[in-house]
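> Compute the structure for the input listed below.
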Amino acid sequence: MRKTIGVRLTAPLLAAALGPAALLLAPVTTAAAAPARTDVAAAAVPGMAAAPYEYLGWGSPQKPTDVMKATGVKWFTLAFILSDGGCNPKWDGSRPLTGGSDEAAIKSIRAAGGDVVVSVGGWSGNKLGEKCSSASALAAAYQKVIDAYRLKAFDVDIENTEFGNATVRQRVVDALKIVKTKNPGIVTYITLGTTPTGPDATGKDLIKRGAAAGLANDGWVVMPFDFGGHSGTMGQASVGALEGLKAAVKSAYGYSDDAAYRHIGVSSMNGNTDEAGETVTTADFRTILGYAKQHHLARFSFWSVNRDRACGSGTDADACSGVAQSPYEFTRIVVQYQG
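From the prediction side, this is the model:
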């Protein structure tokens with residue numbers, strides 16, 4: 001999971017260390033198990049499956065339209081929407097949804113023929129899932145974001161205290177089910193951490209809650225890095241994590257193997273990760289790309305465009321990969337994935 005560099009943190013709140021969440025022992029919803037299903041995920045708009053994260057609040061963000069011209073990428077996942085202290089969404093918990101630089105960036109991407117997924121959550125800051133007291137209130141907060149930008153796709157990056165609290169996990173699942181009902185056709189992703197063999201017990205619990213609630217989530221997405229130890233290359237470890245994810249999703253939802261693969265995804269990290277000695281190379285990205293193409297995954301993304309360049313002297317590690325590379329070398333691999 002993310003800790004310091006490149007970790008989807010929120011700049012205004014970096015100094016505020018978050019205490020560990022008390023793990024509430026709320027039971028998994030006792031609804032009848034989801035029936036066996038063989039359907040595949042909703043067909044995404046071309047390019048949506050390859051939407052790397054860019055953080056416009058910090059990390060010396062590149063101009064999105066410049067990235068589009070240089071790489072051919074059409075979609076970005078913009079991060080992060082947080083709570084403003086209550087059940088109200090704002091960029092980084094402080095910048096308004098409309099009328100500011102974030103909305104201007106989205107308009108520029110669309111004017112250039114692209115579009116965006118908006119991500120809520122991340123490792124740091126006040127989470128909407130915790131600050132909104134009910135699923136209906138959380139769904140209303142999500143809806144404000146969807147309405148502000150007429151979104152076709154929405155990502156919940158559930159980490160840290162939001163992930164560790166069983167009551168909040170259930171709230172997120174139930175809120176997304178409301179969102180899916182109110183916004184027919186919207187593509188939803190839930191992004192979570194993983195071990196080299198797939199989601200841990202908490203991650204599996206989240207997936208089971210989704211299935212029990214009847215949440216037709218389009219992509220369960222893991223972040224295969226910050227392992228704290230793994231065998232083989234990071235590409236091989238990522239494949240192992242994805243196989244574990246596929247098994248968990250197949251078991252929870254009763255999908256066929258093919259349908260399960262089409263409902264999972266990967267959000268990697270380029271270059272040096274937060275773990276000393278752990279590096280994700282372009283060769284690892286090509287391994288992931290081959291796996292994604294073979295199984296038609298729902299999503300191949302990474303953290304982040306901000307880091308997709310070599311470091312200069314004194315460069316913030318949130319603004320570069322820490323490895324020798326040409327500009328946008330990782331993005332050029334990811335954009336080859338079309339679902």
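> Hmm, Gly193 is touching Phe227, no?
No. At 9.7 Å, Gly193 and Phe227 do not qualify as touching, with contact defined as C-beta atoms under 8 Å. (Each C-beta comes from the backbone N, C-alpha and C, glycine too.)
> neighbour count winner among the two?
A side-by-side neighbour count of Gly193 and Phe227, using other C-beta atoms under 10 Å, places Gly193 first with 23 against 19.
> which residues does that one contact?
With contact taken as C-beta atoms under 8 Å, 6 or more residues apart in numbering, Gly193 is in contact with 1, 159, 163, 199-200, 203, 222-223, 226.
> same check, this time on Glu278
With contacts defined as C-beta under 8 Å, 6+ apart, Glu278 is in contact with 225-227, 230, 234, 272.
> quick one: which of the residues you listed is most hemmed in?
Counting neighbours by other C-beta under 10 Å, Phe225 comes out on top of these with 30 neighbours.
> Quickly find the element holding the residue nearest the centre of the chain.
Centroid-nearest residue in the chain, with C-alpha atoms, centre = their mean: Thr191, separated by 4.0 Å. Per DSSP states H and E: Thr191 is located in strand 187-193.
> what packs against whichever helix or strand comes after that strand?
Using DSSP H and E, the next helix or strand after strand 187-193 towards the C-terminus is helix 201-213. Contacts defined by 3 or more C-beta pairs under 8 Å, 6 or more residues apart in numbering; DSSP states H and E place helix 201-213 against helix 160-164, helix 166-182, strand 187-193, strand 219-223, helix 234-253.
> ok, 6 Å please
When contacts are defined as 3 or more C-beta pairs under 6 Å, 6 or more residues apart in numbering; DSSP states H and E, helix 201-213 packs onto helix 166-182, helix 234-253.
> avg pLDDT for it?
Throughout helix 201-213, pLDDT has a mean value of 98.
> How far away from the center of its chain is it?
Remark: helix 201-213 is offset 17 Å from the chain centroid, using C-alpha atoms, centre = their mean, to the nearest Å.
> Can I get the helix or strand Val118 falls within as PDB, trimmed to CA atoms?
If you go by DSSP H and E, Val118 is part of strand 115-122. In PDB, the C-alpha atoms belonging to strand 115-122 read as follows (Å, rounded to 0.1, in the frame of the first residue of the first chain):
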ATOM      1  CA  ASP A 115     -12.100  12.300 -21.600                       C
ATOM      2  CA  VAL A 116     -11.600  11.500 -17.900                       C
ATOM      3  CA  VAL A 117     -12.300   9.100 -15.200                       C
ATOM      4  CA  VAL A 118     -12.500  10.900 -11.800                       C
ATOM      5  CA  SER A 119     -11.100   9.100  -8.800                       C
ATOM      6  CA  VAL A 120     -12.200   9.600  -5.200                       C
ATOM      7  CA  GLY A 121     -10.100   8.400  -2.200                       C
ATOM      8  CA  GLY A 122      -6.400   7.600  -2.200                       C
END
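> Give the pairing partners of it; include direction for each.
If you go by DSSP bridges, strand 115-122 pairs up with strand 75-83 (parallel), strand 153-158 (parallel).
> what mean pLDDT does that strand have?
Strand 115-122 shows a mean pLDDT of 98.
> where's that strand relative to the chain centroid, distance-wise?
Put simply, strand 115-122 sits 8 Å off its chain's centre (C-alpha atoms, centre = their mean).
> mind showing which ranges of the stretch 151-300 of the chain have poor pLDDT?
Applying pLDDT under 70 to the stretch 151-300 of the chain flags no residue at all.
> Tell me the secondary structure of Ile106, please.
Following DSSP: H, G, I helix; E, B strand; the rest coil, we place Ile106 in the helix state.
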